[in-house]
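Q: What follows is a predicted structure for the sequence shown.
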Amino acid sequence: LRRVLAAECVACLNKALCHLKDIWEEIGIPEDQRLQRTHVVKNHIKGLLEMMITEEENLKKRLKSSIETCHKELNAVCKELQIPPFEVSCKQQDISLLVEYAMIKQKSQRMQDLKALTLQDQDLCDVLCTDPYSIAPDVVPSLDQLDNFRHRIASLTAEKERRRAEFVSLKKHIILCMEDLDQLPETSFERDVVLKDGKAFCLSHENITSLKLLLRQLEDQKAENEVQCTAYRKEVQKLWERLQVSQEQRDAFSDHMVMSKKRNLEAVRRHLL
């Protein structure tokens, strides 16, 4: 077959040269210029062949490099499977077998990565109360899909840490407000806030919003108590002046005159009565 193809190439070249010769004769190209043009044709064909040879040599190098890589992958698989290493040659069937083993190894690795990422995603979704990543668990993912999955995990992890920090800050202020108001958690949500930490509490957008709303309500109630306490203190001061209460008696009640907790508010109100 190679001889036939070589003969056909030579025939095509001779035919093309004869055609060129006829053209040159018809248009009156002198003999010396015909020789020059023939040399140009020869150099052009030579350059084309050399370029093709270079490309094929590069392909050969890339192929050898791929074989070496596949061979390493295959040896690793053989070692894991505790079987003798595979003897490599440059035959096409051996290359195909190497590639097949490498693809099996890559498939296994991708499925392991997918399983690990899916477990991480599920944990994050449980904490953040969000939907899991949409990807088929029994289909080999592409490299782009795995990269996208990793970016999602990184994004969710950062969001979890941000919300957890926000939860800790809000919880701290809520507890302080409840202490100032002498108020115990009443609803199940309030008990979850006070008793649970950032790992057990669902850090959904809705819960964070509810936390902010609860804190705002407590702060409003605390501010309202402060206003009432201030008003009552003024009335007490006026009453003391009218009744000429001694400084000793005033000092005994001084703690209630400077704090705005709920019990102090009640104490000041009772004192007025």
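A: Everything's here; your move. Numbering: from 1, shown residues only.

Q: in which helix or strand would I find the nearest residue to Lys212 once chain neighbours are set aside?
A: Spatial nearest neighbour of Lys212, chain neighbours left out: Leu170 (6.6 Å); criterion: C-beta to C-beta, 6 or more residues apart in numbering. The C-beta positions use only the backbone N, C-alpha and C, and glycine is treated the same way. Using DSSP states H and E, Leu170 maps to helix 143-180.

Q: From the chain's centroid, how far away is that helix?
A: 14 Å (C-alpha atoms, centre = their mean, to the nearest Å).

Q: what's the helix or strand that comes right after that helix in contact with?
A: Of the helices and strands lying after helix 143-180 in sequence (DSSP H and E), the nearest is helix 188-195. Applying C-beta atoms under 8 Å, 6 or more residues apart in numbering, the external contacts of helix 188-195 come out as 170-171, 174-175, 178, 185, 201, 210-211, 214.

Q: min pLDDT across those residues, which one?
A: pLDDT is lowest at Phe201 among these; the value there is 83.

Q: Just say helix, strand or coil for it.
A: The local conformation at Phe201, judged by DSSP: H, G, I helix; E, B strand; the rest coil, is coil.

Q: so Leu146 touches Asp113, yeah?
A: Yes - at 5.6 Å, Leu146 and Asp113 qualify as touching, with contact defined as C-beta atoms under 8 Å.

Q: which helices and strands does the helix holding Leu170 pack with?
A: helix 92-128, helix 188-195, helix 205-243 (3 or more C-beta pairs under 8 Å, 6 or more residues apart in numbering; DSSP states H and E).

Q: By mean pLDDT, show me the worst of those.
A: Looking at the helices and strands packed on helix 143-180, the weakest mean confidence is helix 92-128, a mean of 80.

Q: between the helix holding Leu170 and helix 188-195, how many degrees?
A: 90 degrees (axes from the mean of the first three to the mean of the last three C-alpha atoms, to 10 degrees).

Q: hmm, back to that, the residue nearest to Lys212: how many residues sit nearby?
A: Residues lying near Leu170 (other C-beta atoms under 10 Å) number 17.

Q: what's the spacing between it and Asp126?
A: Distance, Leu170 to Asp126, using C-beta to C-beta, to the nearest Å: 20 Å.

Q: could you flag which of the contacts of helix 188-195 are buried?
A: 170-171, 174, 178, 201, 211, 214 (16 or more other C-beta atoms under 10 Å).

Q: Mind putting those residues into a markdown table with distance to His19?
A: A markdown table is the format used below for these (distance: C-beta to C-beta, whole Å):
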| residue | distance to His19 |
| --- | --- |
| Leu170 | 89 |
| Lys171 | 91 |
| Ile174 | 95 |
| Met178 | 101 |
| Phe201 | 87 |
| Leu211 | 88 |
| Leu214 | 93 |
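
Q: how does the protein divide into domains?
A: 1-55, 69-141 (automatic domain parsing).

Q: so can I have TSV of those domains showing distance to Lys222 and mean neighbour count?
A: Output for the domains of the chain, formatted as TSV (distance: least, C-beta to C-beta, whole Å; neighbours: other C-beta atoms under 10 Å):
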stretch	distance to Lys222	mean neighbour count
domain 1-55	80	10
domain 69-141	30	14
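
Q: between those domains, which one is nearest to Glu235?
A: Nearest to Glu235 among the domains of the chain is domain 69-141 (49.3 Å), distances taken as C-beta to C-beta.

Q: Tally up the residues packed near Arg233, please.
A: 15.

Q: Now do it against Val227, distance only.
A: 11 Å.

Q: Same check on Val127?
A: Counting by C-beta to C-beta, the gap from Val127 to Val227 is 40 Å.

Q: just Pro185 next, same as before
A: 25 Å.

Q: repeat for Thr187
A: In terms of C-beta to C-beta, Thr187 sits 26 Å off from Val227.
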